[in-house]
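Colleague: Here is my input; please provide its structure:
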Amino acid sequence: MLEALNLHFEAEGKVFNEADLKITSDLPQFFEFYKVINAKALSERIGMNQSLLAQYIKGIKKPSANQTLKILRGVQQIGNELASIQFLL
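Modeller: All right, here's what the predicted structure looks like:
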């Protein structure tokens, strides 16, 4: 994507780097891409009704800003925990 953007603006002399890009995703896209995240386990972890989270993931319902933040914080917490894991060698 970055290469395409730079090729498009090459004639104008503009150059973009990764810091210039902000890629966002909605819940259905996120969970489609990260299928490894178990929605049932996440719902239990963040204290959200499993069927409600499933409706958000399927795009049936749109979560409020507070609900989205709750889901995001849960996912980020899992990411932080995974990033800090070390195995015995």
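Colleague: tell me the centre residue of this protein?
Modeller: Residue closest to the average C-alpha location in the chain (Cα atoms, centre = their mean): residue 30, at 4.8 Å.
Colleague: Might you report the residue contacts of that one?
Modeller: Contact criterion Cβ atoms under 8 Å, 6 or more residues apart in numbering gives residue 75 as the residues in contact with residue 30. (Glycine included, C-beta is placed from N, CA and C.)
Colleague: Where does it fall, secondary structure wise?
Modeller: In this assignment (DSSP states H and E), residue 30 forms part of helix 27-33.
Colleague: likewise residue 37?
Modeller: Of the helices and strands defined by DSSP H and E, none includes residue 37.
Colleague: That one: neighbour count?
Modeller: A total of 15 residues lie near residue 37 under the criterion other Cβ atoms under 10 Å.
Colleague: Would you mind confirming that it is in contact with residue 75?
Modeller: Yes: here residue 37 lies in contact with residue 75, judged by Cβ atoms under 8 Å, at a distance of 6.9 Å.
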